[in-house]
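Asker: Got a sequence here, can you model it:
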Amino acid sequence: MAKHLTRDLDNLQRDIVSLAAAVEEVLYKALRALQDRDTDLAREVIHDDRRIDLQENEVEEECLKILALHQPVAIDLRRTATILKINTDLERMADLAVDIAERALVLADPPHFPIPDRLQRMTDMTTSMVRQALDSFVNLDPQQARRVCRLDDEVDRYNADIIQEIIATIRRAPE
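Answerer: Predicted coordinates:
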């Protein structure tokens, strides 16, 4: 029974890493669609959300099966619960990519407001954080997890700076 649980959790872990890769891809596509005012790419991101939703549902179902059939305890329970939480957060990130793609469709039409350069840096940092967080989970590395938490403050600063830059740009724009 324990061998089956370990195998199922390992498969689930691979599934969550695969989902993370898919989410990272749509985030980059959404940002590129916004930066390049590429409506076809924006529509592709919106369309791909269905596939990510299906992956998220499959991971959740597998977690629930593990909980029901194996009744894990200790580290196996924590591992399953963590995958459930990661799964939800990844799906939310994919939804945010869709939001960006939808904005890209609107912003593709004139007047064209400049897209802050720091947005790419913030996206790179955020996706790196996701990768590092998953690595820390897979490798059971609490030090790496703490480093990821510290990076969150930097991403928050980028976000605040970008918002202020956009507000200033809008205020300077002729009506």
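Asker: Every contact and neighbour count from this point should use C-alpha atoms.
Answerer: Fine.
Asker: would you list every one of the strands in the protein?
Answerer: Per DSSP state E, the chain carries no strands over any range.
Asker: Give me the below-cutoff pLDDT ranges for it.
Answerer: For the chain, the stretches with pLDDT under 70 are 1, 175.
Asker: Find the nearest non-adjacent residue to the residue sitting nearest the centre point of it, please.
Answerer: Closest residue to the average C-alpha location of the chain: Met93 at 3.7 Å, with Cα atoms, centre = their mean. Excluding its sequence neighbours, the residue lying closest to Met93 (Cα to Cα, 6 or more residues apart in numbering) is Val23, at 6.9 Å.
Asker: these two touch, right, the one you found and Arg92?
Answerer: No - if you go by Cα atoms under 8 Å, Val23 and Arg92 don't touch, sitting 9.4 Å apart.
Asker: and these two? which has more neighbours close in?
Answerer: Legend: neighbour count by other Cα atoms under 10 Å for Val23 and Arg92, higher for Val23 (25 against 14).
Asker: contacting residues around the more buried one?
Answerer: Counting by Cα atoms under 8 Å, 6 or more residues apart in numbering, Val23 touches 52, 90-91, 93-94.
Asker: Can I get those in CSV including distance to Ile162?
Answerer: Below are the contacts of Val23 laid out as CSV (distance: Cα to Cα, whole Å):
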residue, distance to Ile162
Ile52, 28
Leu90, 23
Glu91, 24
Met93, 19
Ala94, 21
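Asker: Stretch 99-119: how far from the chain's middle?
Answerer: 20 Å (Cα atoms, centre = their mean, to the nearest Å).
Asker: just the contacts of Val23 now: which is nearest Lys29?
Answerer: Lys29 has its nearest neighbour among those in Ala94, at 11.0 Å by Cα to Cα.
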